[in-house]
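Q: What follows is a predicted structure for the sequence shown.
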Amino acid sequence: MRRLGLRRRLFLVVVVTVVVSVAALVAAFNLFLAANLDRNANDLVRSRADAQLSSLRVANGRLTVGEAPDGRGADAYVWVFSRGRFLEEPRAARDVQRAVRNLVNSPRRFVTVSSADTLLYSAPVVVDGKRVGTAIAGVSLGPYEETRATALVASLVFGGAVLVLVGFLAWWLLGASLRPVVRMTRQAAAWSEHDLDHRFAVEPPRDELAELAETLNGLLDRLAASLRHERRFSAELSHELRTPLAGLLAESEVALLRGRRPEEYRETLALIHESAAQLSRTLDALVAAARYEAGGVRGTADADSIASGVTTACSAVAEERSIEVEVQRLPRPARVGVDADVAERILQPVVENACRYASSRVRVAIARSDSSVLYVVDDDGPGVSAEEQASIFDPGVRGAAAGVNGHTGAGLGLPLARRLARSVEGEVEVDTTRAGGHFVVRLPSG
């Protein structure tokens, strides 16, 4: 069974509510009108009986009937009974006459004769504390019933008209209100597939539609950020895996070109193993960084061991350029609140860049600062200009010193280092006010 749409469900709720409300109002109106008509009929028949009582006279112990003050019309029924006979008896239906005789000595006051639509009222005639007769007045209920029926039909017609009008207005208003929502939903769906740069313009007044637009804009922002994160992760993965993969391919190709002595094969396998281990560490670091960004549990590592591992990994670049790498350790060991592989992945691009651009010396100093462990990386190279302070951390952007000493790269090392650092609540910063390169890697202490 197909489920009703939101517009139809809201319309049904409105219609049911209006039907119940109109029915309650119609019922209450007709009940009130009926009670009021009954009260008017009672008052009328009582006043006629009182008028007849005022016209009665007692002479020589006998009850006589005089002229009623208001006269009597064709619908005025008044009976006067005394000493076993009717002194006055108008013509009336048989059922009415029977009801009148029953009322003569009955304690009841009001009796309704349904078959004749007549209301009877009995009033005793009392003289000197002694009942000498009974006056009975009657009134036709036809006009009251007609008024009641007319009011019922009119109220039902009016209620139906109100229901139709409210139903039409509700359907139109719901359509007009939900139409922008449908349009925005479809636009958001289309933009999420084809163009994540579009956003909804949020303008006054600040109503529910503006709130929906802000929500959809936030959703599109998160989708765009997720897509950028995915693209950046792919670029970083390619950048990080390029070097060890190139080493694996080169060593394996050289080993396959010609036969070698066993010790040479052993050296080649050792190099291949080292490149494979670097691949494994890189993948573990990237996966750990993704886990940290998703709220995963972090490990700890020794700060000195991280610096030693990074300098060892960069030793080939340092030896190739005859760069001296110095590590200044803390007097007492310190621990960082990050897995060792992730910390090395953060620090290594910074130290490697320093080795590539330094003239002769690179220094890695370990320090404490509040709840953080700092790695201060200095080199005596050309450094970073103030204009490049922010751009060198953008993916694919290389500084003005790029290409010095034959160095080429994709410009992803520092962006990866900063993103990994921020994923563990750390940071990578550069100071452009000093001579040479001056980078600070901050990691949370363990």
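A: Yep, that arrived.

Q: so what's the residue of the chain most remote from its centre scoring on pLDDT?
A: The centre of the chain is farthest from one residue, N60, which by C-alpha atoms, centre = their mean lies 93.8 Å away. pLDDT, N60: 71.

Q: Tell me the secondary structure at L248.
A: Following DSSP: H, G, I helix; E, B strand; the rest coil, the label given to L248 is helix.

Q: show me what contacts it?
A: Residues in contact with L248 (C-beta atoms under 8 Å, 6 or more residues apart in numbering) are 272, 275-276, 279. Yep, even glycine has a C-beta here, placed from its N, CA and C like the rest.

Q: Buried ones among those residues?
A: 272, 275, 279 (16 or more other C-beta atoms under 10 Å).

Q: Distance-wise, check the first one relative to A51.
A: When you say that, I think you mean I272. Distance check for I272 against A51: by C-beta to C-beta, to the nearest Å, it reads 128 Å.

Q: Next: the second one.
A: S275 sits 124 Å away from A51, going by C-beta to C-beta.

Q: Point out where the stretch 251-400 of the chain drops to low pLDDT.
A: Residue ranges of the stretch 251-400 of the chain with pLDDT under 70: 258-260, 278, 281-282, 284-286, 288-297, 395-400.

Q: That should have said the stretch 1-150 of the chain, apologies.
A: For the stretch 1-150 of the chain, the stretches flagged by pLDDT under 70 are 1-2, 61, 67-76.

Q: In this structure A367 contacts L374, no?
A: Yes: shown here, A367 and L374 form a contact pair, counting by C-beta atoms under 8 Å, at 4.4 Å.

Q: Could you check which of these two has the larger neighbour count?
A: A count of neighbours by other C-beta atoms under 10 Å puts L374 above the other of A367 and L374, at 20 against 15.

Q: and the more buried one, that one's in a helix?
A: No: assigned with three-state DSSP, L374 falls outside any helix and is strand.

Q: isn't it right up against R442?
A: Yes: with contacts counted by C-beta under 8 Å, L374 reaches R442, the gap being 5.5 Å.

Q: Mind listing the shared neighbours of those two?
A: With C-beta under 8 Å, 6+ apart, L374 and R442 have no common neighbours.

Q: Run through the residues that contact the residue farthest from the centre of the chain.
A: By C-beta under 8 Å, 6+ apart, N60 lies in contact with nothing.

Q: Report the buried residues of the helix or strand hosting V342.
A: Using DSSP states H and E, V342 sits within helix 340-357. Applying a neighbour-count criterion of 16+ other C-beta under 10 Å, the buried positions in helix 340-357 are 340-357.

Q: Quick one: list the elements packing against it.
A: helix 262-293, strand 301-302, helix 303-313, helix 315-321, strand 361-369, strand 372-379, helix 413-423, strand 437-444 (3 or more C-beta pairs under 8 Å, 6 or more residues apart in numbering; DSSP states H and E).

Q: Direction-wise, compare that helix with strand 361-369 and give the angle.
A: Counting by axes from the mean of the first three to the mean of the last three C-alpha atoms, to 10 degrees, helix 340-357 lies at 140 degrees to strand 361-369.

Q: Just confirm L212 is within a helix.
A: Yes: counting by three-state DSSP, L212 is located in a helix.

Q: show me the biggest helix of the protein in terms of residues.
A: helix 142-194 (DSSP state H).

Q: Please state the offset of it from the chain centre?
A: Chain-centre distance of helix 142-194: 26 Å, with C-alpha atoms, centre = their mean, to the nearest Å.

Q: now swap in stretch 216-232 and tell me
A: With C-alpha atoms, centre = their mean, you get 20 Å for stretch 216-232.

Q: Can you mark which positions in it are buried?
A: Neighbour-count burial for stretch 216-232, counted by 16+ other C-beta under 10 Å, picks out 216-217, 220, 224.

Q: swap in stretch 434-445?
A: Buried, per 16+ other C-beta under 10 Å, within stretch 434-445: 436-445.

Q: Likewise for stretch 149-164?
A: For stretch 149-164, burial by neighbour count (16+ other C-beta under 10 Å) applies to 151-152, 155, 159, 163.

Q: Might you report the residue contacts of the closest residue to L63 other than its chain neighbours?
A: Distances taken as C-beta to C-beta, 6 or more residues apart in numbering place S82 nearest to L63, at 4.2 Å, with adjacent residues excluded. Each residue near S82 by C-beta under 8 Å, 6+ apart is listed here: 62-63, 125, 132-134.

Q: Distance-wise, check S82 relative to V125.
A: The gap separating S82 from V125 is 7 Å, by C-beta to C-beta.

Q: any common contacting residues for these two?
A: Contact with both S82 and V125 is made by residues 63, 132-134, according to C-beta under 8 Å, 6+ apart.

Q: any chance of those residues in JSON lines, plus secondary structure, distance to A334 and neighbour count?
A: Below are those laid out as JSON lines (DSSP: H, G, I helix; E, B strand; the rest coil; distance: C-beta to C-beta, whole Å; neighbours: other C-beta atoms under 10 Å):
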{"residue": "L63", "secondary structure": "strand", "distance to A334": "125", "neighbour count": "18"}
{"residue": "V132", "secondary structure": "strand", "distance to A334": "123", "neighbour count": "16"}
{"residue": "G133", "secondary structure": "strand", "distance to A334": "121", "neighbour count": "22"}
{"residue": "T134", "secondary structure": "strand", "distance to A334": "117", "neighbour count": "20"}
